[in-house]
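S.K.: Sequence first, then the predicted structure, then my questions.
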Amino acid sequence: MNAEQPDSATNNFPIGTIVIVGAGQAGSWTAQTLRQEGFTGRLVLIGDESHPPYERPPLSKAVLAGEAEPASTWLQKPQAFDALGLEWRPDTRVNRIDRRAKRLEISDGTTLPYDKLILCTGGRARKLTVPGADQTRIHTLRTIGDAQSLAKEFRPGRSVAVVGGGWIGLEVAATARQKGAEVTVLEAQGRLCERSVPPEISEHLLGLHATHGVRVRLGTHLSGIARSTDGRSVLTLADGDTLTCNAIVAGVGLVPNDDLARDAGLDCDGGVVVDERCCTSDADIFAAGDVAVTPNPWAGRRLRLESWQNAQEQGIAAARAALGLPVVYQPLPWFWSDQYDMNLQIYGVPLPSHRMVTRGMPGDNSFMLFYLEGEIIKAALGANAARDLRFARRLIEQGKQVDAKRLADPDVPMGKLSA
Ligand SMILES: Cc1cc2nc3c(=O)[nH]c(=O)nc-3n(C[C@H](O)[C@H](O)[C@H](O)COP(=O)(O)OP(=O)(O)OC[C@H]3O[C@@H](n4cnc5c(N)ncnc54)[C@H](O)[C@@H]3O)c2cc1C
C-alpha cells in the first residue's frame, strides 16, 4: 500500500488517517486491532525508541537476569509492519498536537495530519531529586537500554541500593540478589508496596526479601547522595545514617507522559482523562495504556492502571472506539509480579470497606486473600496460586455469592464454591 495515499475506496470506515503516538505495548495492540477490524486507511505508529514495540515485564525479570534476550520482548518484528501496511517511525517524537488543524508536529521538522489520534505515550521513570542526585549515576528501569546497563551492576561483590520498595524496586532487588549482589532497599513508607496491597501482603514481601538476604529499611527517607573517594556512592539518610554502595537504582514510580495532551488543552489529571470509550475531551483523540486515566467501576473512581493487561486491552478498546465501534472499557484490573520463586497476582481493587477472607496463611509459600462485599468477592490476591486465582477471577466477574467459610477452607476446591 502506498502509505501517502489511503486506499479509501476499500476502507470500511470513513476515516483517512489514524496516527498512534507511542510505539509501546498499547500502541502496538492499537495498530494491530485497527487492521484486524478492517481499517484500511493510512496508519502511522510513531515512537521515540529505536526498538519495535516491546513488552516491559521481562525487563525487571528474565532480561535483567540475563536469562532472556532483549529481542524476545518484541511484540512484532519490523517486517510484520509491512504486512500490516503500517508506517512505523522509530526514533521519532511528536512534539505538539495542533488540534485545530488536526496536525502533529514531529521531531524531524515535518508535520503529519490526522483524522483520529490515539495517544499511547505511557510514562517515564520518576527521577530522584535529592541533593547530589544530578551528580551521580542513578539507574532507573523503563527501557531495554536501562535493563542492559543495570544488569552489568549485578554480580557477587557488588552492593546495590534500591530506592523505593514498590513493584519495580522489589523485582530489581530480587534479581540483583539472585545474581549475587548485596542489596539494600530503602522505602520511605512504613511498609512495602503500600499503595497497591494490604498490610498482610506487605508483611509477606518483607519476609520474602529478608529470607533472601535483602536488607529492607522502612520509613527511611533519603536526604542526599555523594561520591566517595573510591568511586562508590554514599547515600545520606534523613536520620543521619549513611549507606555506601556500588550502584543506585531508583524505583520511585512513573511520571505519565501526558505533556503533549496537556499542552494541547486536553483534560488531564495525573494522566490523560478518558471515558469508558477511551475518548479524551476531544472526540477525535483517544488514549490507552499507562498514560490513560479511566473510570473504573471496580475501584469506584478513575484509575490510571500501570499493567501489562491494561496496555493490551485498552489498546484494543481504543482502536475499536476510534473506528466508531461499540466499546465499554471497564476492566477488572489484573496485575502480577514475580520475585524469587513467588508469583503474586492481584485481581480487582481491594478497598478498606471490603471484608477480608484468608485461604491459607500469608507467609506460607501459597495462600490467597479475598475481599468481599456481603457474600460477593470483589477482589482476590494470592501468592503461587495462579490456577485458583483464575477461578477467583471468574467468581468476581460473575458477581456470584459465595459462602465465606467454604472460601476460607483450602480443602474446598475453588471450582466448587459457586455451586
Ligand atoms: C521494568 C518493568 C516491569 C514491569 N512488570 C510488570 C509486571 O510484572 N506485570 C504487569 O502487569 N505490568 C508490568 N509492567 C507494566 C507494563 O509493562 C506497562 O504497564 C506497559 O508497558 C504500558 O504500556 P504502554 O504502551 O502504555 O506504555 P509504554 O510501554 O511506556 O510505551 C509508551 C511509548 O511511547 C513513547 N513516547 C512517549 N511520548 C512520546 C512522544 N511524544 N513521541 C513519540 N513517542 C513517545 C515512549 O518512549 C514509549 O516507547 C512493568 C513495567 C516495567 C517498566
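M.R.: Ah, there it is.

S.K.: The helix or strand hosting residue 393 and the ligand, any residue contact?
M.R.: Residue 393 is located in helix 386-398, with elements delineated by DSSP states H and E. No. With C-beta under 6 Å from any ligand atom as the threshold, helix 386-398 lies outside contact range of the ligand, at a closest distance of 13.2 Å. Where you see a C-beta, it was placed from the backbone N, CA and C, and this is true even at glycine.

S.K.: Then residue 378 would be within a strand, right?
M.R.: Yes. When the secondary structure is assigned by DSSP: H, G, I helix; E, B strand; the rest coil, residue 378 falls within a strand.

S.K.: And for it, the neighbour number?
M.R.: Other residues within reach of residue 378 by the criterion other C-beta atoms under 10 Å amount to 21.

S.K.: Confirm for me that it is in contact with residue 396.
M.R.: Yes. A contact is recorded between residue 378 and residue 396 when judged using C-beta atoms under 8 Å, the distance being 6.5 Å.

S.K.: Which positions within the helix holding residue 393 qualify as buried?
M.R.: Going by neighbour count (16 or more other C-beta atoms under 10 Å), the buried part of helix 386-398 is 388, 389, 391, 392, 393, 394, 395, 396.

S.K.: Which residues are in contact with the last one?
M.R.: Residues counted as contacts of residue 396 (C-beta atoms under 8 Å, 6 or more residues apart in numbering) are 332, 347, 348, 377, 378, 379, 380.

S.K.: Next, count neighbours for the second one.
M.R.: Yep, that's residue 347 we're talking about. Taking other C-beta under 10 Å as the criterion, the count of residues near residue 347 is 28.

S.K.: I'd say it and residue 395 touch.
M.R.: No. Between residue 347 and residue 395 there is no contact, the gap being 9.7 Å when judged by C-beta under 8 Å.

S.K.: From the ligand, how far off is residue 36?
M.R.: Summarising the geometry, the distance separating residue 36 from the ligand, computed by C-beta to the nearest ligand atom, to the nearest Å, is 18 Å.

S.K.: how close does that residue get to residue 12?
M.R.: Distance, residue 36 to residue 12, using C-beta to C-beta, to the nearest Å: 12 Å.

S.K.: now do residue 319
M.R.: Separation of residue 319 from residue 12 (C-beta to C-beta): 13 Å.

S.K.: These two - which one has more neighbours?
M.R.: Higher neighbour count among residue 319 and residue 12: residue 319, with 30 against 11, using other C-beta under 10 Å.

S.K.: Distance check, the more buried one against the ligand.
M.R.: In this structure, residue 319 lies at 13 Å from the ligand, with C-beta to the nearest ligand atom as the measure.

S.K.: what pLDDT does that residue get?
M.R.: Residue-level confidence at residue 319 comes out at 98, pLDDT.

S.K.: Run a quick neighbour tally on the nearest residue to residue 314 once chain neighbours are set aside.
M.R.: Excluding its sequence neighbours, the residue lying closest to residue 314 (C-beta to C-beta, 6 or more residues apart in numbering) is residue 288, at 4.0 Å. As a burial measure, the neighbour count of residue 288 was computed by other C-beta under 10 Å and equals 35.

S.K.: In contact with residue 384, which residues?
M.R.: Counting by C-beta under 8 Å, 6+ apart, residue 384 has contacts 341, 342, 343, 365, 366.

S.K.: That should have said residue 319, apologies.
M.R.: With C-beta under 8 Å, 6+ apart as the criterion, the residues that contact residue 319 are 29, 30, 31, 32, 33, 34, 37, 118.

S.K.: now the helices for the protein?
M.R.: 25-36, 78-84, 144-151, 167-178, 199-211, 259-263, 308-322, 386-398, 404-407 (DSSP state H).

S.K.: quick one: average confidence on the third one?
M.R.: Just to be clear, that refers to helix 144-151. Here helix 144-151 scores 97 as its mean pLDDT.

S.K.: Give me the angle between that helix and helix 167-178.
M.R.: Computed with axes from the mean of the first three to the mean of the last three C-alpha atoms, to 10 degrees, the direction of helix 144-151 lies at 40 degrees from that of helix 167-178.

S.K.: now do the longest one
M.R.: Relative orientation of helix 308-322 versus helix 167-178 (the same axes, to 10 degrees): 140 degrees.

S.K.: Would you enumerate the residues in contact with residue 238?
M.R.: With contact set as C-beta under 8 Å, 6+ apart, residue 238 has these partners: 220, 221, 222, 223.

S.K.: Okay, and the beta partners of the third one?
M.R.: Assessed by DSSP bridges, residue 222 has beta-bridge partners residue 237.

S.K.: Which positions in this protein make contact with the ligand?
M.R.: Within reach of the ligand by C-beta under 6 Å from any ligand atom, the chain has these residues: 21-27, 46-49, 56-57, 59-60, 93-94, 120-123, 141-142, 168, 257, 260, 289-290, 306-309, 311, 335-337.

S.K.: List buried residues within those.
M.R.: Of the members of the residues of the chain next to the ligand, the ones counted as buried by neighbours, 16+ other C-beta under 10 Å, are 21-27, 46-49, 56-57, 59-60, 94, 120-123, 141-142, 168, 257, 260, 289-290, 306-307, 311, 335-337.
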